[in-house]
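**Q** no sequence on hand, only this structure:
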């Protein structure tokens, strides 16, 4: 892969910006609840990994394995929306301020996008 | 397969693919999360200092959401192929009947949750005539239960899509 190094540098740059935004959003406003966003987005791809491990990919007809995979995807979708909904919830009930909410949502999306892009690149390598 | 269809418009091709099914499952999780956090938002707002009134979200408000989530769990954990199991001889006696009974219980729980959320909104918030920030607790409850129901529908439809797909693959 020719673009591998450039991609990795760009991705780590984006990851650093994401962490910077989230940490600024908590440190500037003296309320550290927005760090929950990092935790949420970090554990968001985990159900997919774990359930993909549990299910046997060889048999198509086995519906129980498919159900486990579906459960993992359901949990991932839940956690991704939770990463957006949690800062909005905190801002709505006055625990953090609205600029902190915006910064943490953008930072969280950047972090999650980095994780997803990394996974896609690794999977592409594993296929061949 | 197309000759058995009821409607005159053909089923679009993308509806049968595995990607649509995956997207449907993700969408179901996202919708469930959105509904859940609508309600969590209302309850945390009722505890926060922004809530001017002395009306709070109590356990009564939680009951419809719990019913809806339980109904969703029951509906989507049923093996779908057992619903028409009576036509196969090897599936034992009365399996389809039991599956339909459990499915009915799940749908009843879910509909009960939605109706209960409307009942809570009307009885607790509309009839006493509370103003908007307090009325939001009831509205959020209805939105949460509706989104959980929508999520269940999306999950059900996308799981049925999977059956079509594996059927095509098996042939």
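**A** Alright, I've got the coordinates. Please read these numbers as outputs of a predicted model, since none were measured by experiment.
**Q** residues from chain B in reach of chain A?
**A** For chain B, the contact set with chain A under Cβ under 8 Å from any Cβ of the partner chain comprises B:22, B:25-30, B:32-34, B:36-37, B:40-41, B:44-45, B:47-50, B:79, B:81, B:155, B:159, B:162, B:166, B:169-170. Glycine gets a C-beta too; all of them are placed from N, C-alpha and C.
**Q** the residue of chain A at minimum distance from chain B: neighbouring residues, count only.
**A** Closest approach between chain A and chain B, counting by Cβ to the nearest Cβ: residue A:77, at 2.6 Å. Residues contacting residue A:77 under the criterion other Cβ atoms under 10 Å in any protein chain shown number 25.
**Q** helix or strand for it, which one?
**A** helix A:63-92 (DSSP states H and E).
**Q** helices or strands up against that helix?
**A** helix A:35-43, helix A:46-54, helix A:98-127, helix B:18-47, helix B:132-170 (3 or more Cβ pairs under 8 Å, 6 or more residues apart in numbering or on different chains; DSSP states H and E).
**Q** dump these to TSV, plus mean pLDDT.
**A** Putting the helices and strands packed on helix A:63-92 into TSV (pLDDT from 0 to 100) gives the following:
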stretch	mean pLDDT
helix A:35-43	87
helix A:46-54	81
helix A:98-127	82
helix B:18-47	89
helix B:132-170	80
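**Q** identify the residue spatially nearest to residue B:36, adjacent ones excluded.
**A** residue B:144 (6.6 Å; Cβ to Cβ, 6 or more residues apart in numbering or on different chains).
**Q** go on, residue A:18?
**A** residue A:110 (3.3 Å).
**Q** can you check what pLDDT the model gives residue 66?
**A** Chain wasn't specified; assuming chain A. For residue A:66, the model assigns a pLDDT of 71.
**Q** the chain in question should be chain B.
**A** Residue B:66 is assigned a predicted lDDT (pLDDT) of 93.
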